[in-house]
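**Student:** here is the input, now give the coordinates:
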Amino acid sequence: MVTYLNRVLLILLLPTLLFANEVTLESIYEQILIKYSTIYTYETEFVQENYWNEIDVNKTSEGKLYYNKENLLMEYIQPDGQKLQIKENSITMYDPITEQAFISDKVDIELRPDKLISHYWDMSEKKLIEEYEDTIKIQLLTPESEKILIIISNNMVMEFNIVDINKNFVIYKFSDILINKGLPENIFELNFPENTSVIDTRNK
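**Tutor:** Numbers count the residues shown, from 1 in each chain. Sure thing, here's the model as predicted:
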């Protein structure tokens, strides 16, 4: 049985508990941003899973992700040889199967793990789902009813899962992360085979 005193104590403690939870979430977010701000070179293996509910199609891709302060490259092992490069002012997508490369002006797209979180953080309702050892699970709910699950270990994003209102989803999983260990030489230089059809839509 809940006594009157219990009710009073609960009412008094509830704002404090809610505030403590909010502070904890904001503190976690700040620590992530601090951690990533110290990164000059980043290399990781990734698995990307996409699902389109309307047509019931699931696609899994994997490869390596590299970035430094200016450039980002996703190099796919599966599908074979596809590349996505984001530079300061342009995006390049290369597909060896169709022998085509598309170059366009940079749009509002970010694939760096910390930038993915930052894009959604302020607009979303936040909830701490689970915390154990050095791993934390956070859920974000956007105004568009997108549900985002983020798994963080030692202030590094290990998984980023987005589900939209139509139950389409994309999942990024990161592993074997190397920070500030340098990158392969000329990794951001894309050289296409001679038979590649290059479609450049940049405003010049």
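**Student:** when you work out contacts or count neighbours from here on, use the C-alpha atoms and nothing else.
**Tutor:** Will do.
**Student:** let me know the helix or strand that the nearest residue to Tyr51 once chain neighbours are set aside is in.
**Tutor:** Setting aside the residues directly before and after it, Tyr51 is nearest to Asn58 in space (C-alpha to C-alpha, 6 or more residues apart in numbering), at 4.4 Å. Taking DSSP states H and E as the definition, one finds Asn58 inside strand 57-68.
**Student:** just checking, next helix/strand downstream of that strand?
**Tutor:** Counting by DSSP H and E, the next helix or strand C-terminal to strand 57-68 is strand 72-78.
**Student:** got a list of contacts for that following strand?
**Tutor:** For strand 72-78, contacts defined as C-alpha atoms under 8 Å, 6 or more residues apart in numbering pick out 61-67, 81-87, 188.
**Student:** on that earlier part again, the residue nearest to Tyr51: neighbour count?
**Tutor:** Neighbour count of Asn58, defined by other C-alpha atoms under 10 Å: 13.
**Student:** could you do the one 5 residues further on as well?
**Tutor:** Around Gly63 there are 20 other residues, counting by other C-alpha under 10 Å.
**Student:** the residue lying closest to it once chain neighbours are set aside and Ser118, how far apart?
**Tutor:** Among residues not flanking Gly63 along the chain, Tyr76 sits closest, at 4.2 Å (C-alpha to C-alpha, 6+ apart). Separation of Tyr76 from Ser118 (C-alpha to C-alpha, to the nearest Å): 25 Å.
**Student:** so the two - more neighbours on which side?
**Tutor:** More crowded of Tyr76 and Ser118, by other C-alpha under 10 Å: Tyr76, with 21 against 14.
**Student:** in this structure the residue nearest to Tyr51 contacts Trp52, no?
**Tutor:** Yes. Using C-alpha atoms under 8 Å, Asn58 is in contact with Trp52, at 6.5 Å.
**Student:** how about the contacts of strand 72-78, which pair is most distant?
**Tutor:** The largest separation in these, counting by C-alpha to C-alpha, is between Ser61 and Lys87 at 21.9 Å.
**Student:** show me where the protein has its strands.
**Tutor:** 41-52, 57-68, 72-78, 83-86, 90-95, 100-105, 125-132, 135-141, 147-153, 156-163, 169-179, 197-200 (DSSP state E).
**Student:** need the ones you listed in CSV with mean pLDDT, can you?
**Tutor:** As requested, the strands of the chain are exported to CSV (pLDDT from 0 to 100):
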stretch, mean pLDDT
strand 41-52, 93
strand 57-68, 92
strand 72-78, 88
strand 83-86, 89
strand 90-95, 88
strand 100-105, 87
strand 125-132, 89
strand 135-141, 93
strand 147-153, 94
strand 156-163, 94
strand 169-179, 94
strand 197-200, 87
